[in-house]
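Asks: whatever this is, show me its structure:
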Amino acid sequence: MALGYVALVLHAHLPFVRHPERDYVLEEEWLYEAITETYIPLLRLFEGLQRDGIDFKMTMSLTPPLVSMLRDTLLQERYNHHLGQLQGLVAKEIENNQHNGHIRYLAEFYAQEFANIRTTWEQYNGDLILGFKQFLDSNNLEIMTCGATHGYLPLMKMYPQAVWAQIKVACDHYQENFGRPPKGIWLPECAYYEGLEKMLAQAGLRYFIVDGHGILSAHPRPRHGTYAPVFTETGVAAFARDHESSSQVWSAKTGYPGDPEYREFYKDLGWEADYEYIKPYIMPNGQRKNTGVKYHKITNIQGNMEDKALYDPYWAREKAAEHAGNFMYNREQQISHLAGIMDRHPIVVAPYDAELFGHWWYEGPWFLDYLFRKTWYDQNTFNLVHLADYLRYNPTQQVCRLTQSSWGYKGFHEFWLNDSNSWIYPHLHQATERMIELSAREPKNELQERALNQAARELLLAQASDWAFIMRTGTMVTYAVEQTKTHLFRFNQIYDGFQLGSVDETWLIQIEEMDNIFPQIDYRVYRSSDVKQG
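Replies: Reported below is the predicted structural model:
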């Protein structure tokens, strides 16, 4: 009998980026890259495990913006074109490298990979949510929800209605897409504040995830540290991230993805090929960009980009197998030690951003594949488990009051509230107050109801934590600022229209088409009477 459990948890999220009003927007490629390098590779490894009789268990969040984009026909059509461009580029590379053996070998490798991606894409008719739901239904995958637009909840706690809208809209959206209510929630940025659990309980959620210090600093101190969940006073459980297993993957100095055999992320054909040659595959305005075709390995993390050796997927796959075995061995040792000092089966919760596996760490899906297979065949110290199932197996846990926390820099809220992004919050707060005011209205006609629902969508989209995050990191700042201002402008236009007693239907139709997330939303979700105060 196993001594304990390991829960692998992936957080799959991208901000809602959809621009039918433009022919090309670079930021839409965030989705296309993740489909090619993360989401379809995950589905393919799930299919392989199921085919081979391996009853794998993994927990994964699919956030409402990501689900909405993956099911959007416009973005599906644009991705199909994007994939065609990739296939055309590698076909050209094969033809042009007849006498360059290693480059041709890599181009042929990419051609096969993209053909496999195409096969899976067409298998689900472009709707990858059907694929993920298939593994939810087989009980191999447990899918969590998240905040409706990944809003940073502690920074809106002064407006319980706004927090409730983020939670309730997300749960309703999950029900619409997966045909059942969610059991758990990945709190956006794992950010928690005391009292939030009351709304989670009201929404019918069973558990959430926090960073380790959120539980380690709880009152009373948890007897089992981060190796067992705790119950909040509402009965909703909190699981904590395990630092040891996380650092093996995340650490910039010692984490697996930095191994010299793995593919180098920052050297890409889009920047290295002759300009006229690569021009059809970069931005329409002629600016270079990443294509996803990369020919070099990390080689030496101290070396400069010019010193990188050519990549070999054979040896990279071997290294992924070695690292999967090392990760499994370390979890065996960890679980064996914990089981000897605890009065219950320990659980090690290992949560990661899903996009790490494949997009940032190209070999990540291979690592997971080997890990599932080795865990199934080569050890009996621990079982992989869904978080909801662990609670079912262990229905009694210590009751604690958690402390505020996040998994961001310094562990609290500083990354989302600082000199780079603090200017957004007075505007978001004003819009929230106006939305609460609008929620008390009863529309006089169908047009007014549509406008009120669109106001709710625009506020939710403006609240996405992604924009503050991007402003802090200093990457794509112009776009993050533009999105924040655009959604706030659209919200305020609707609000001002109600103050003046008029709704511009032509304009409303335009923004309904552009910001079409949450088609079933009801603006009344912002009414105070519906919210348990945190």
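Asks: distance-wise, check the nearest residue to residue 152 once chain neighbours are set aside relative to residue 202.
Replies: Nearest residue to residue 152 in three dimensions, chain neighbours excluded: residue 465, at 4.1 Å (CB to CB, 6 or more residues apart in numbering). Quick note: C-beta positions are derived from backbone N, CA and C, even for glycine. To residue 202, residue 465 is 22 Å away according to CB to CB, to the nearest Å.
Asks: who has more neighbours out of those two?
Replies: Between residue 465 and residue 202, counted using other CB atoms under 10 Å, the more crowded position is residue 465 (24 against 16).
Asks: so what's that one up against?
Replies: The neighbourhood of residue 465, defined by CB atoms under 8 Å, 6 or more residues apart in numbering, consists of 150, 151, 152, 188, 189, 416.
Asks: could you do residue 88 as well?
Replies: Counting by CB under 8 Å, 6+ apart, residue 88 makes contact with residue 281.
Asks: let me see the mean pLDDT of the helix or strand containing it.
Replies: Element membership of residue 88 [criterion: DSSP states H and E] is helix 73-96. Across helix 73-96, pLDDT averages out at 98.
Asks: just checking, what packs against the helix or strand following that helix?
Replies: Next in sequence after helix 73-96, counting helices and strands by DSSP H and E, comes helix 101-123. The contact analysis (3 or more CB pairs under 8 Å, 6 or more residues apart in numbering; DSSP states H and E) places helix 101-123 against helix 40-51, helix 73-96, helix 128-137.
Asks: now residue 359: which helix or strand?
Replies: Per DSSP H and E, there is no helix or strand for residue 359.
Asks: my read: it touches residue 38, true?
Replies: Yes - counting by CB atoms under 8 Å, residue 38 is a contact partner of residue 359 at 5.0 Å.
Asks: of those two, give the one with the bigger neighbour count.
Replies: Higher neighbour count among residue 359 and residue 38: residue 38, with 24 against 21, using other CB under 10 Å.
Asks: what's the closest non-adjacent residue to that one?
Replies: Residue 38 sits nearest to residue 358 (CB to CB, 6+ apart), 3.9 Å away.
Asks: what sits against the one you found?
Replies: Neighbouring residues of residue 358 by CB under 8 Å, 6+ apart: 34, 37, 38, 41, 42, 364, 365.
Asks: mind listing what the nearest residue to residue 127 once chain neighbours are set aside touches?
Replies: Leaving aside its sequence neighbours, residue 127 sits nearest to residue 71 (CB to CB, 6+ apart; 5.9 Å). Counting by CB under 8 Å, 6+ apart, residue 71 touches 127, 129, 177.
Asks: from these, list the buried ones, please.
Replies: For the contacts of residue 71, a burial check counting by 16 or more other CB atoms under 10 Å picks out 129, 177.
Asks: quick one: which of the contacts of residue 71 is nearest to residue 216?
Replies: residue 177 (35.0 Å; CB to CB).
Asks: so what pLDDT did the residue nearest to residue 38 get?
Replies: Note on residue 358: pLDDT of 97.
Asks: what's the answer for residue 168, then?
Replies: pLDDT, residue 168: 98.
Asks: isn't it up against residue 525?
Replies: Yes - applying CB under 8 Å, one finds residue 168 in contact with residue 525, separated by 5.3 Å.
Asks: can you tell me the SS state at residue 260?
Replies: When classified by DSSP: H, G, I helix; E, B strand; the rest coil, residue 260 comes out as coil.
Asks: check contacts around it.
Replies: 297, 298, 299, 300, 301.
Asks: how about residue 375?
Replies: Residues near residue 375 by CB under 8 Å, 6+ apart: 6, 328, 382, 384.
Asks: can you name the two of those residues that are farthest apart?
Replies: Maximum distance among the contacts of residue 375 (CB to CB): 10.4 Å, for 328 and 384.
Asks: now do the same end-to-end measure for stretch 290-297.
Replies: From its first residue to its last, stretch 290-297 covers 16 Å (CA to CA, to the nearest Å).
Asks: and the contacts of that stretch?
Replies: With CB under 8 Å, 6+ apart as the test, stretch 290-297 has contacts from 33, 36-37, 86, 89-90, 93, 103, 106-107, 110, 260-265, 267-271, 278, 281-282, 308-312, 316, 362.
Asks: please apply the same query to stretch 50-59.
Replies: If you take CB under 8 Å, 6+ apart as the criterion, stretch 50-59 is touched by 7-10, 46, 49, 135, 138, 140-144, 184, 372-373, 376, 383-387, 389.
Asks: residue 311 contacts residue 263, correct?
Replies: Yes - if you go by CB under 8 Å, residue 311 and residue 263 touch, sitting 5.1 Å apart.
Asks: neighbour count winner among the two?
Replies: The residue with more neighbours, out of residue 311 and residue 263, is residue 311; 24 against 19, by other CB under 10 Å.
Asks: any regions of this protein where pLDDT drops low?
Replies: For the chain, the stretches with pLDDT under 70 are 252, 301-303, 529-534.
Asks: all the strands of it, in order from the start?
Replies: Assigned by DSSP state E, the strands in the chain fall at 4-12, 58-62, 141-146, 184-186, 207-210, 230-231, 237-240, 347-353, 382-384.
Asks: redo these as CSV? Include mean neighbour count and distance to residue 438.
Replies: Formatted as CSV, these follow (neighbours: other CB atoms under 10 Å; distance: least, CB to CB, whole Å):
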stretch, mean neighbour count, distance to residue 438
strand 4-12, 24, 32
strand 58-62, 24, 30
strand 141-146, 26, 25
strand 184-186, 25, 26
strand 207-210, 25, 29
strand 230-231, 20, 37
strand 237-240, 25, 34
strand 347-353, 22, 35
strand 382-384, 22, 46
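Asks: make JSON lines out of these and add distance to residue 404.
Replies: Shown next, in JSON lines, are the strands of the chain (distance: least, CB to CB, whole Å):
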{"stretch": "strand 4-12", "distance to residue 404": "20"}
{"stretch": "strand 58-62", "distance to residue 404": "21"}
{"stretch": "strand 141-146", "distance to residue 404": "19"}
{"stretch": "strand 184-186", "distance to residue 404": "17"}
{"stretch": "strand 207-210", "distance to residue 404": "10"}
{"stretch": "strand 230-231", "distance to residue 404": "15"}
{"stretch": "strand 237-240", "distance to residue 404": "13"}
{"stretch": "strand 347-353", "distance to residue 404": "19"}
{"stretch": "strand 382-384", "distance to residue 404": "31"}
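Asks: what's the closest of those to residue 29?
Replies: When these are ranked by distance to residue 29, counting by CB to CB, first place goes to strand 4-12 at 16.8 Å.
Asks: partner strands of that closest one, with direction?
Replies: Sheet pairing of strand 4-12 (DSSP bridges) gives strand 58-62 (parallel), strand 347-353 (parallel), strand 382-384 (parallel).
Asks: dump the ones you listed into CSV; add distance to residue 98 as well.
Replies: Formatted as CSV, those follow (distance: least, CB to CB, whole Å):
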stretch, distance to residue 98
strand 58-62, 42
strand 347-353, 40
strand 382-384, 46
